[in-house]
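Asks: What shape does this take:
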Amino acid sequence: MTDIISRKLEWELDNKLIAKSKRKNLPDGFKKGKVMNEVLDKPTVMTLYKMITDHIIAYVNGSVSAGKESVVFWGVAEDNSNVALKIYLVSTSNFKKREPYLTGDPRFRHVKKGTKNLVYLWAKKEHRNLTQCYNAGIPVPRPLYVTNNVLAMDFVGVNGSPCRSLLTSNVDQNDYDQAISLITDLYHKAKLVHGDFSEYNIFKTDDGLVVFDLGSAVDLRHPNSKEFLKRDINNIIRFFKKRGMIVDDSNSIFEDIVNEL
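Replies: Residues are numbered from 1 along each chain as shown. Below is the predicted model:
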């Protein structure tokens, strides 16, 4: 009986996910009413189904980006606003490498063993980091909802096409200044260190830079927060220097940031 109900729910979800979509073929997402992407295992399908029945989203189009740890889908809310659905891969082993970003962070003292538990906690962690940043006025995607391995947030882009990252954009001196300001504001206003701050994790929009992918961000009380800060500074300075920008000394930036507190 349980299997019959599960199959019925999956069938209903497949139909809901494609019912309002205007696309005939959806890349890496849903084709002919079937869930095709490996990220959408049965628990994830059921999570998405609940998000639809709870009116968090109305339907899902296809995937817009994919990485080793997650896939981002283009979802649409009932008010027709675009939603980014970041689905963390429960099957990946890469999350085991993320434990140093959890262990030592006083906000997450109890880390249960097991890949699934680690992935679920990581999703909550990124949602919390986004919330701290958003409430502090830092330009990040607005967090909307998190459950299990699915994080919903504002979609930064137009019609399912995300904005370009710094990596694929033309950059100028103002972009460099904004990037350093982002690191500084993360530290002073949100009390966080990004931990993975680079040209890959910053959107360049018409309104300025927007930082994303904050799962690695740690509380300032984390024992390695200053080492992570140094690495973030070095990474972004290296990028802008290669692009021909005038950059400051990384040690001077680090000292200025930590000594302002």
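Asks: any weak-confidence spans in the stretch 1-150 of the chain?
Replies: By pLDDT under 70, the low-scoring segments of the stretch 1-150 of the chain are 1-39, 92-96.
Asks: Show me the strands in it, by range?
Replies: For the stretch 1-150 of the chain, the strands defined by DSSP state E, counting those that start in this stretch cover 30-31, 34-35, 59-66, 70-76, 82-88, 143-147, 150-154.
Asks: Let me know which of the ones you listed is the nearest to K230.
Replies: strand 70-76 (26.1 Å; Cβ to Cβ). No exception for glycine: its C-beta is placed from N, CA and C like everyone else's.
Asks: Now do the buried residues in stretch 54-64.
Replies: Across stretch 54-64, burial judged by 16 or more other Cβ atoms under 10 Å covers I56, I57, A58, Y59, V60, N61, G62, S63, V64.
Asks: Quick one: the residues you listed as JSON lines, columns for distance to L167 too.
Replies: Below are the buried residues of stretch 54-64 laid out as JSON lines (distance: Cβ to Cβ, whole Å):
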{"residue": "I56", "distance to L167": "31"}
{"residue": "I57", "distance to L167": "29"}
{"residue": "A58", "distance to L167": "32"}
{"residue": "Y59", "distance to L167": "30"}
{"residue": "V60", "distance to L167": "27"}
{"residue": "N61", "distance to L167": "24"}
{"residue": "G62", "distance to L167": "22"}
{"residue": "S63", "distance to L167": "19"}
{"residue": "V64", "distance to L167": "16"}
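Asks: picking up where we left off before, of all the strands of the stretch 1-150 of the chain, which one comes closest to Y200?
Replies: Of all these, strand 59-66 sits nearest to Y200, with 10.8 Å by Cβ to Cβ.
Asks: Could you give the separation of that closest one from the chain centroid?
Replies: Relative to the chain's own centre, strand 59-66 is displaced by 14 Å; criterion: Cα atoms, centre = their mean, to the nearest Å.
Asks: hmm, back to that, how about CSV for the strands of the stretch 1-150 of the chain, with distance to K241 added?
Replies: As requested, the strands of the stretch 1-150 of the chain are exported to CSV (distance: least, Cβ to Cβ, whole Å):
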stretch, distance to K241
strand 30-31, 43
strand 34-35, 45
strand 59-66, 27
strand 70-76, 29
strand 82-88, 31
strand 143-147, 33
strand 150-154, 31
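Asks: and D185, which of those is closest to it?
Replies: Of all the strands of the stretch 1-150 of the chain, strand 143-147 comes closest under Cβ to Cβ, at 17.2 Å.
Asks: Against which helices or strands is the closest one packed?
Replies: Other elements packing on strand 143-147 under the criterion 3 or more Cβ pairs under 8 Å, 6 or more residues apart in numbering; DSSP states H and E are helix 42-53, helix 115-135, strand 150-154.
Asks: Who are the packing partners of the longest one?
Replies: The elements that helix 115-135 packs onto, with contact taken as 3+ Cβ pairs under 8 Å, 6+ apart, are strand 82-88, strand 143-147, strand 150-154, strand 192-193.
Asks: And the second one, what's buried?
Replies: Looking back up the chat, that one is strand 143-147. For strand 143-147, a neighbour-count test (16+ other Cβ under 10 Å) marks P143, L144, V146, T147 as buried.
Asks: Output these in CSV; the columns should cover distance to K50.
Replies: Shown next, in CSV, are the buried residues of strand 143-147 (distance: Cβ to Cβ, whole Å):
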residue, distance to K50
P143, 18
L144, 15
V146, 13
T147, 7
